[in-house]
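Visitor: only geometry, no sequence info:
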């Protein structure tokens with residue numbers, strides 16, 4: 001884990017490579033509500049920073065375990081790559097932060113929903129229909145754009 005001050009220093013100069021996961025249960029989308037910057041108090045994809053020497057599939061498994069406490073067979077499918085821009089950095093300062101995100105789709109069965117437990121960086125989760133997700137003011141605009149473009 002990289003310290004916040006070091007992460008902010010890196011983010012001032014280059015985009016952070018990340019993985020975002022569109023997790024679907026049938027035709028509904030699982031989003032988590034962030035407690036920390038960037039995207040504090042917004043519903044976002046389950047996701048995380050991509051670290052050196054960790055294969056992408058291993059990183060996806062770690063992110064899913066860490067953020068929503070699921071250990072399940074995952075069949076991620078790359079569906080998009082986007083640059084996400086945030087006005088605030090990890091400390092909440094008004095210094096622009098950019099991610100280059102590889103966005104994967106994961107489809108899970110509905111019985112897995114009852115096993116979800118969010119980590120300390122999230123206040124909870126919600127499962128949205130596409131329509132509800134697009135209308136909800138607490139869903140990050142970047143998330144809405146990805147859903148609109150791909151579903």
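Guide: Sure, I can see it. If you're wondering where the values come from, they're calculated on a predicted model, not measured in any experiment. Numbers count the residues shown, from 1 in each chain.
Visitor: select the longest helix from the protein.
Guide: helix 56-68 (DSSP state H).
Visitor: so, low pLDDT: which residues of this structure?
Guide: Across the chain, the ranges flagged by pLDDT under 70 are 1-12, 88-93.
Visitor: the same query, at a cut-off of 80, please.
Guide: 1-14, 72-74, 86-96 (pLDDT under 80).
Visitor: orientation of the lengthiest strand in it relative to helix 56-68 in degrees?
Guide: As assigned by DSSP state E, the longest strand anywhere in the chain is strand 97-108. Strand 97-108 and helix 56-68 meet at an angle of 90 degrees, taking axes from the mean of the first three to the mean of the last three Cα atoms, to 10 degrees as the criterion.
Visitor: how far off centre is strand 97-108?
Guide: Chain-centre distance of strand 97-108: 6 Å, with Cα atoms, centre = their mean, to the nearest Å.
Visitor: buried residues, the next helix or strand along the chain from that strand. List them.
Guide: Next helix or strand after strand 97-108 toward the C-terminus (DSSP states H and E): strand 122-128. Across strand 122-128, burial judged by 16 or more other Cβ atoms under 10 Å covers 122, 125, 126, 127, 128. Every C-beta, even on glycine, is put in place using the N, C-alpha and C of the backbone.
Visitor: what do you get for stretch 24-43?
Guide: Under 16+ other Cβ under 10 Å, the buried positions of stretch 24-43 are 28, 29, 30, 31, 32, 33, 34, 37, 38, 39, 42, 43.
Visitor: residue 19: which of those is nearest?
Guide: residue 32 (13.9 Å; Cβ to Cβ).
Visitor: the closest one reaches residue 42, doesn't it?
Guide: No. At 9.7 Å, residue 32 does not count as touching residue 42 under the criterion of Cβ atoms under 8 Å.
Visitor: which helices and strands sit right next to the longest helix of the chain?
Guide: Other helices and strands packing on helix 56-68, by 3 or more Cβ pairs under 8 Å, 6 or more residues apart in numbering; DSSP states H and E, are strand 16-25, strand 28-34, strand 46-49, strand 97-108.
Visitor: let's have those strands in CSV, adding distance to residue 148.
Guide: As requested, the helices and strands packed on helix 56-68 are arranged in CSV below (distance: least, Cβ to Cβ, whole Å):
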stretch, distance to residue 148
strand 16-25, 12
strand 28-34, 12
strand 46-49, 18
strand 97-108, 13
